[in-house]
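Engineer: Prediction below, plus the sequence it came from.
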2 protein chains.
Amino acid sequence: MVEHHTVKSFDAELELLGRHISEMGGVAEKMLADAMDALAGMNAELAHKVIAADVRLDALQRDVEEQTVSIIARRQPVAVDLREIIGAMRIAGDLERVGDLAKNVAKRAAKIAGEGRIPRAVAGLKSMHELAVMQLNDVLDAYAQRDAERAKEVWLRDAQLDALEDSVFRDLLTHMMEDPRNITFCTHLLFCSKNLERVGDHTTNIAETVYYIVTGQSLPTERPRGLDSSALP
Amino acid sequence: MVEHHTVKSFDAELELLGRHISEMGGVAEKMLADAMDALAGMNAELAHKVIAADVRLDALQRDVEEQTVSIIARRQPVAVDLREIIGAMRIAGDLERVGDLAKNVAKRAAKIAGEGRIPRAVAGLKSMHELAVMQLNDVLDAYAQRDAERAKEVWLRDAQLDALEDSVFRDLLTHMMEDPRNITFCTHLLFCSKNLERVGDHTTNIAETVYYIVTGQSLPTERPRGLDSSALP
């Protein structure tokens, strides 16, 4: 009975860990959605809400880290249990970084909210954003279902986001060259676009982690890559 | 005797882990130095050497991750030993990202090697680079000596790098506004400057990890921050 009880409460601890990751995922997705709405709608108030939300995400990550270290120390897990715990720690780190990137987009949105230039340039960012959010959503579902194949599909699709960034980068440079008054505004959008591409990098990291948790294997070292802007123009 | 032997070989494993981290640190520092030399000297050949070196760093990180998971599974460490191992895993992740950032600077250096514009703009980046390398070097020494106070000093100095990025950002925007032909070149330098600032972020992460390994405590949630370019201009 005691043995049984111990195993059950270990399961409960793992489940709690999984719930904390889901909660982090929800906060990160909301921050990302709000950051883009703030940017597209020139909404400084919403931008400040995103910036404030990051504190919650950081606190959740600390909780997950403390839980994982404590579980390892007390339970001394092996095999798939150990992969679950190491995996949760990694995913929490990636989600915390996604929140930082959303916060950075929001800061830039607050900064340029008064300007209202070039809706065309923001349209490209919106496409990147939609894809980034869809990918993040998919990988969190893959994690919730411990679905290695679905994780691998997300991982393979990252090249699409890189290709979109390529096209946004070229458009923004064109706007800057057309009119120097666009330079400051477009520079902030360039960094927003880079931030969204990096959200994609963290999403592929999470996909790799899910694959590792489920299979015990690593995906290939080289991630699928489109061009990034360092190869341009 | 068996007990003693077991403990000794655990120490040997931890020492090997520490040596792998040092090796990763050496590779990352060299990549960063070479990337900046490639950028300042418009040396595409050196840039390609940096890009090639990143494969080695990625492989070393995988080794460290495998070692850490294997040690946890076999040794079931607690307290400071567990912190050492979790810490090594985190530091390896940060050093791998420093390598990625150096590689990105090198890619941009290779791209703009033919242009040779605006030595003044590159001078600002060199100052950022010197500070970033010094900070990285210091935090790796703090790790080697398990010196929490020294790690904290590195952590506090990160604001200087943020302030330098602020000034580089303003200078580059000015160059772009002065002459639209500078836009492409300066955009690549903007991203290089952002990369160096992010090297600083990973250095402060490592400082936090060293502090945690040695003391079991966390540094405050909020890192010391100067302005970043999202708050500008």
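Structural biologist: Arrived safely, thanks for sending. Since the structure is predicted, the reported quantities are computational estimates derived from the model, not experimental observations.
Engineer: Could you tell me the phi and psi values at A:A113?
Structural biologist: Main-chain torsions, A:A113, degrees, to the nearest 10: phi -60, psi -30.
Engineer: so it touches A:L46, yeah?
Structural biologist: No: in this structure A:A113 lies outside contact range of A:L46 using C-beta atoms under 8 Å: 9.4 Å. Glycine gets a C-beta too; all of them are placed from N, C-alpha and C.
Engineer: Assign a three-state SS to the most centrally placed residue in chain A, would you?
Structural biologist: The structure's chain A has its C-alpha centroid closest to A:V98; by C-alpha atoms, centre = their mean the separation is 3.7 Å. Assigned with DSSP: H, G, I helix; E, B strand; the rest coil, A:V98 falls in the helix class.
Engineer: avg pLDDT for the top helix by length along chain A?
Structural biologist: Secondary structure assigned by DSSP state H gives helix A:2-40 as the longest helix of chain A. Helix A:2-40 comes out with an average pLDDT of 86.
Engineer: do stretch A:109-122 as well
Structural biologist: Mean predicted confidence for stretch A:109-122 is 78.
Engineer: quick one: contacts of it?
Structural biologist: The contact list for stretch A:109-122, computed with C-beta atoms under 8 Å, 6 or more residues apart in numbering or on different chains, reads A:35, A:38-40, A:42-44, A:46-48, A:51, A:168, A:171-172, A:175, A:182, A:184-186, A:188-189, A:192, B:230-232.
Engineer: Could you rerun that using 7 Å?
Structural biologist: Outside stretch A:109-122, the residues that touch it by C-beta atoms under 7 Å, 6 or more residues apart in numbering or on different chains are A:35, A:38-40, A:42-44, A:47-48, A:171-172, A:175, A:182, A:185-186, A:188-189, B:230-231.
Engineer: So which of the residues you listed sit within strands?
Structural biologist: Assigned to strands by DSSP state E, none of the contacts of stretch A:109-122 qualify.
Engineer: And these, which of them are buried?
Structural biologist: Taking 16 or more other C-beta atoms under 10 Å in any protein chain shown as the criterion, what is buried in the contacts of stretch A:109-122 is A:35, A:38-39, A:42-43, A:47, A:171-172, A:175, A:182, A:185-186, A:188-189, B:230.
Engineer: any idea how far chain B is from the residue nearest to A:L46 when sequence neighbours are not counted?
Structural biologist: Once flanking residues are discounted, A:L46 sits nearest to A:A38: 4.1 Å by C-beta to C-beta, 6 or more residues apart in numbering or on different chains. For A:A38, the distance to chain B (C-beta to the nearest C-beta, to the nearest Å) stands at 13 Å.
Engineer: Which residues are in contact with A:A38?
Structural biologist: Listed by C-beta under 7 Å, 6+ apart, the contact set of A:A38 reads A:46-47, A:50, A:106, A:109.
Engineer: Looking at these, which gets the smallest pLDDT?
Structural biologist: Least confident by pLDDT among the contacts of A:A38: that is A:A109, with 93.
Engineer: burial of that residue, as a residue count?
Structural biologist: A:A109 has 28 neighbouring residues, counting by other C-beta atoms under 10 Å in any protein chain shown.
Engineer: Let me know whether A:V214 touches A:R146 as I believe.
Structural biologist: Yes: the criterion here is C-beta atoms under 7 Å, and A:V214 meets it with A:R146 at 5.1 Å.
Engineer: more neighbours, those two?
Structural biologist: Higher neighbour count among A:V214 and A:R146: A:V214, with 21 against 16, using other C-beta under 10 Å.
Engineer: now that one, nearest residue through space, not along the chain?
Structural biologist: Sequence neighbours aside, A:A148 is the residue nearest to A:V214 in space, at 4.0 Å (criterion: C-beta to C-beta, 6+ apart).
Engineer: and if you look at A:V78?
Structural biologist: Nearest residue to A:V78, sequence neighbours excluded (C-beta to C-beta, 6+ apart): B:A73, at 4.8 Å.
Engineer: Which strands or helices does the helix or strand hosting the one you found pack on?
Structural biologist: Assessed by DSSP states H and E, B:A73 sits inside helix B:44-75. Using 3 or more C-beta pairs under 7 Å, 6 or more residues apart in numbering or on different chains; DSSP states H and E as the contact test, the elements touching helix B:44-75 are helix A:79-112, helix B:2-40, helix B:79-112.
Engineer: Of the ones you listed, which is nearest A:P220?
Structural biologist: helix B:79-112 (15.8 Å; C-beta to C-beta).
Engineer: now the angle from that closest one to helix B:44-75?
Structural biologist: If you take axes from the mean of the first three to the mean of the last three C-alpha atoms, to 10 degrees, helix B:79-112 sits at 160 degrees to helix B:44-75.
Engineer: So which bits of helix B:79-112 are buried?
Structural biologist: B:81-112.
Engineer: tell me the angle that helix makes with helix B:2-40.
Structural biologist: Between helix B:79-112 and helix B:2-40, the angle comes out at 20 degrees (the same axes, to 10 degrees).
Engineer: could you give the angle of the following helix or strand past helix B:79-112 to helix B:2-40?
Structural biologist: Downstream of helix B:79-112, the next assigned helix or strand under DSSP H and E is helix B:119-144. When the same axes, to 10 degrees is applied, the directions of helix B:119-144 and helix B:2-40 differ by 170 degrees.
Engineer: check contacts around A:T215.
Structural biologist: Applying C-beta under 7 Å, 6+ apart to A:T215 gives the contacts A:A148.
Engineer: A:K30 versus that one, what's the distance?
Structural biologist: Using C-beta to C-beta, to the nearest Å, A:T215 is found at 30 Å from A:K30.
Engineer: go on, A:I72?
Structural biologist: Taking C-beta to C-beta as the criterion, A:I72 is separated from A:K30 by 30 Å.
Engineer: who has more neighbours, those two?
Structural biologist: A:I72 (23 against 16).
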